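**Student:** Just need the structure, nothing else, for what follows:
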Amino acid sequence: MSKPRPAAHLAVQKAGKIRDHNTCQICGSHDHPEGHHIMDFAFGGAASVDNIVTVCHSCHEKIHRGTINIIKF
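**Tutor:** Next up, the predicted model:
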């Protein structure tokens with residue numbers, strides 16, 4: 001289980017979701033938007049808006065299962 005994230009980290013995820021209009025950047029859904037780290041936080045990915053993409057819960061699960069790949073251009 002992951003450790004709780006600091007408030008500043010959660011603020012960055014919120015800012016990313018606001019930037020993306022709470023819309024999944026994969027499927028366009030507005031259902032359960034979540035901030036996903038492009039470079040995984042657990043592997044040193046920055047807690048910055050540039051490292052966050054908004055995805056719905058369903059797409060987020062697919063990303064972590066490896067059935068959807070996120071590539072930063």
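
**Student:** So which residues of this protein form helices?
**Tutor:** In the chain, the segments counted as helices under DSSP state H are 7-19, 57-65.

**Student:** Chain neighbours aside, what residue packs nearest to the residue positioned nearest the centre of the chain?
**Tutor:** Most central in the chain under Cα atoms, centre = their mean is His36, positioned 1.3 Å from the mean C-alpha point. In this structure, His36 finds its nearest non-sequential neighbour in Val55, 4.9 Å apart by Cβ to Cβ, 6 or more residues apart in numbering. From N, CA and C alone the C-beta is placed, and that goes for glycine too.

**Student:** follow-up on the earlier one: closest to Ala47 out of the helices of the chain?
**Tutor:** helix 7-19 (4.4 Å; Cβ to Cβ).

**Student:** Quick one: mean pLDDT over that closest one.
**Tutor:** The pLDDT scores in helix 7-19 average 92.

**Student:** list the helices and strands that helix packs on?
**Tutor:** strand 33-37, strand 52-56 (3 or more Cβ pairs under 8 Å, 6 or more residues apart in numbering; DSSP states H and E).

**Student:** and those, which is most packed in?
**Tutor:** Comparing the helices and strands packed on helix 7-19 by mean neighbour count (mean count of other Cβ atoms under 10 Å), strand 52-56 comes out on top with a mean of 23.

**Student:** Neighbouring strands - and their directions - for that one?
**Tutor:** Paired with strand 52-56 in the same sheet, following DSSP bridges, are strand 33-37 (antiparallel).
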